[in-house]
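Q: Coordinates for the following, if possible.
(chains A and B)
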2 protein chains.
Amino acid sequence: MAAKTDYELIYWPIPGRGEFIRLCFEHAGVSYVDTPGGIDQVMEYVSGDVDIGNNNIAFATPILKDNTNGVAIAQTPAILLYLSTRLGLSSDDEIQKIQIHQHALTALDLCSEAHNTHHPISANLYYEDQKVESERFSESFRNERIPKFLTHFETILSKNLKAQKKYLVGDHITYADYALWQVIDGLKFAFPKRMQTLLPDYKNINAFYDNIKSQDHMLSYLKSDRRLPYTDGIFRHYPELDAE
Amino acid sequence: MAAKTDYELIYWPIPGRGEFIRLCFEHAGVSYVDTPGGIDQVMEYVSGDVDIGNNNIAFATPILKDNTNGVAIAQTPAILLYLSTRLGLSSDDEIQKIQIHQHALTALDLCSEAHNTHHPISANLYYEDQKVESERFSESFRNERIPKFLTHFETILSKNLKAQKKYLVGDHITYADYALWQVIDGLKFAFPKRMQTLLPDYKNINAFYDNIKSQDHMLSYLKSDRRLPYTDGIFRHYPELDAE
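A: Now for the predicted structure:
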């Protein structure tokens, strides 16, 4: 690509944590490139001593580069915070702004736990080498953690009468909404049986999920090749880890 | 306490994640109350439907209440972000501000992994009921994760020539520095053998740790009864999980 776009995302070729950021770009319709250097670039950027920009290094991806000013940052919540004010996905109200961050962080915690269902011991071991532990972790995740998180977000949506329970905070969509949407979508892929059992009891979350997905830009994004398949990423479907 | 203090922290009576926030209060010398209602208050606030303030609920503690304006928020990184501009622990420079958040988030990730060394399967089970998995998790944590995180922060410190490698970002102490200090302190308690083996190789981190600890307000805080013992919190010392 010859033209220099505003934003560059460096991440593995999976939805994973990069997806929280991609959804913000897609919402705003800004130009961005997604890891132009492929996996080699990812490996280089997380090698531990490569300057990703403004004298910064990254412990892990995703990494955001803002080509308009040279800013380079890692850590999903920091990237979302940075982008949100630029892409109209935050609030001018300070109290709402910090609540948006709170809710996004909670959605990201659920994402981390979803990762741990298939890697409870070490990210450096294959799933097959921690399968027994994965089954034990997943049982508790399915039975205790998913319902606890869903109840939490269901309650938050029910309290936001201002936006008729459509968004988590305030009267318009924010990065916290996209974060929650993405985690639910990922869980529907990874734990289809469990989610089919649970979701009917969460009517605000169901309406919220459908509402976000039905936006024109989301419909076209989800059909595009920019939306990557889940495959062997953070959200993985192992039938042996799922149950009604 | 009759006088209404500016800030109220609600957290379990352990250092844990509350400590990242307490260290900010102690740095600034502001008045705060630490969980005046004790464990009953914690249990009530994480029950899932209690309004913690400004129509917000919390998935978990810590929770911060700002009595000057009624703000109530959960999630450690969101609380730190909120407090940091008020307590002089952030930066006026937007790029530095977001880097501070990045580094604090990475230190908090290390804290979460330290928790998982003794609870790799479920926070709802006793350690004794996930001891085999804990030993397996801890081996990888000791041998791969701690060195990876230490190397990361050692490199960041070495790059910050502006503050003579004393702080992670910019020319003064921030909440990212206190977050890193606290995680290292917790790891020294939980994994004394491993940290004793590793730390001599990280000379910037050693100097950083000592420098922060030697501040007058830190010396008096660490001697005070406001500094809680580690006991059975996030940072736990189980000799069977430690090794050189």
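
Q: how about low-confidence regions in chain A?
A: A:1-4 (pLDDT under 70).

Q: Quickly list the domain ranges of it.
A: A:7-87, A:94-214 (the TED database).

Q: Distance across the longest one, terminal residue to terminal residue?
A: Okay, so that is domain A:94-214. Terminal residues of domain A:94-214 are spaced 29 Å apart (C-alpha to C-alpha, to the nearest Å).

Q: next one: stretch A:231-238
A: End to end - C-alpha to C-alpha - stretch A:231-238 spans 11 Å.

Q: Show me what counts as buried in stretch A:221-241.
A: A:221, A:228, A:230, A:233-236, A:241 (16 or more other C-beta atoms under 10 Å in any protein chain shown). For every residue, glycine as well, the C-beta is placed using N, CA and C.

Q: Including secondary structure and distance to chain B, could the residues you listed go into CSV?
A: Below are those laid out as CSV (DSSP: H, G, I helix; E, B strand; the rest coil; distance: C-beta to the nearest C-beta, whole Å):
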residue, secondary structure, distance to chain B
A:Tyr221, helix, 26
A:Leu228, coil, 24
A:Tyr230, coil, 23
A:Gly233, coil, 18
A:Ile234, coil, 15
A:Phe235, coil, 19
A:Arg236, coil, 18
A:Leu241, helix, 13
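
Q: Of the residues you listed, which is the nearest to A:Ser138?
A: Among those, A:Leu241 lies closest to A:Ser138 (C-beta to C-beta), at 4.0 Å.

Q: Could you count how many residues lie near the spatially closest residue to A:Thr5 that is not a sequence neighbour?
A: Counting by C-beta to C-beta, 6 or more residues apart in numbering or on different chains, the nearest residue to A:Thr5 once its immediate chain neighbours are dropped is A:Ser31, at 4.1 Å. Neighbours of A:Ser31 under the rule other C-beta atoms under 10 Å in any protein chain shown: 13.

Q: distance of the residue found closest to A:Ser158 once you drop the neighbours it is linked to in the chain from chain B?
A: Spatial nearest neighbour of A:Ser158, chain neighbours left out: A:Asn204 (5.4 Å); criterion: C-beta to C-beta, 6+ apart. Distance, A:Asn204 to chain B, by C-beta to the nearest C-beta, to the nearest Å: 14 Å.

Q: Look at A:Asn204 and give its secondary structure.
A: helix (DSSP: H, G, I helix; E, B strand; the rest coil).

Q: related to what we said a few turns ago, closest to B:Ile73 out of the buried residues of stretch A:221-241?
A: A:Ile234 (26.3 Å).

Q: which ones are touching that closest one?
A: A:14-17, A:111, A:114-115, A:186 (C-beta atoms under 8 Å, 6 or more residues apart in numbering or on different chains).

Q: A:Gln182: what's its closest spatial neighbour, skipping adjacent residues?
A: A:Gln182 sits nearest to A:Glu19 (C-beta to C-beta, 6+ apart), 5.2 Å away.

Q: I'd guessed that neighbour sits against A:Trp181; true?
A: No. Counting by C-beta atoms under 8 Å, A:Glu19 does not reach A:Trp181; the two are 9.9 Å apart.

Q: related to what we said a few turns ago, next, find the distance separating the residue nearest to A:Thr5 from B:Leu125.
A: 48 Å (C-beta to C-beta, to the nearest Å).

Q: How about A:His172?
A: Distance, A:His172 to B:Leu125, using C-beta to C-beta: 41 Å.

Q: you'd agree the residue nearest to A:Gln182 is in a strand?
A: No. Per three-state DSSP, A:Glu19 lies outside any strand segment and is helix.

Q: Next up, the contacts around it.
A: Per C-beta under 8 Å, 6+ apart, neighbours of A:Glu19: A:182, A:186, A:228.

Q: Could you do A:His172 as well?
A: Counting by C-beta under 8 Å, 6+ apart, A:His172 has contacts A:Ala163.

Q: Same question for A:Tyr82.
A: Per C-beta under 8 Å, 6+ apart, neighbours of A:Tyr82: A:64, A:66, A:71, A:73, B:98.

Q: could you say which helix or strand contains it?
A: helix A:76-86 (DSSP states H and E).

Q: same deal with A:Val33?
A: strand A:32-34.

Q: same deal with A:Phe153?
A: Per DSSP H and E: helix A:146-159 holds A:Phe153.

Q: other SSEs contacting that helix?
A: Secondary-structure packing of helix A:146-159 (3 or more C-beta pairs under 8 Å, 6 or more residues apart in numbering or on different chains; DSSP states H and E): helix A:94-116, helix A:192-198, helix A:203-213.

Q: Quick check: what element follows the first one along the chain?
A: Stepping forward along the backbone from helix A:94-116, the first helix or strand reached (DSSP H and E) is helix A:131-140.

Q: List the contacts of the closest residue to A:Leu80 other than its chain neighbours.
A: What sits nearest to A:Leu80 in space, not counting adjacent residues and going by C-beta to C-beta, 6+ apart, is A:Tyr175, at 4.6 Å. Listed by C-beta under 8 Å, 6+ apart, the contact partners of A:Tyr175 are A:20, A:24, A:80, A:83-84, A:89-90, A:100, A:104.

Q: gap between A:Tyr175 and B:Ser214?
A: Applying C-beta to C-beta to A:Tyr175 and B:Ser214 gives a distance of 40 Å.

Q: which residues does A:Ala123 contact?
A: A:Ala123 neighbours (C-beta under 8 Å, 6+ apart): none.

Q: Alpha carbons only: can I get the helix holding A:Phe153 in CSV?
A: C-alpha atoms of helix A:146-159 as CSV (Å, rounded to 0.1, in the frame of the first residue of the first chain):
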residue,chain,number,x,y,z
ILE,A,146,-19.9,-16.6,32.2
PRO,A,147,-23.2,-16.2,34.2
LYS,A,148,-21.5,-13.8,36.6
PHE,A,149,-20.2,-11.6,33.8
LEU,A,150,-23.5,-11.8,31.9
THR,A,151,-25.5,-10.8,34.9
HIS,A,152,-23.2,-7.9,35.6
PHE,A,153,-23.5,-6.5,32.1
GLU,A,154,-27.3,-7.2,31.9
THR,A,155,-27.7,-5.1,35.1
ILE,A,156,-25.6,-2.3,33.7
LEU,A,157,-27.6,-2.2,30.5
SER,A,158,-30.9,-2.3,32.5
LYS,A,159,-29.8,0.8,34.5
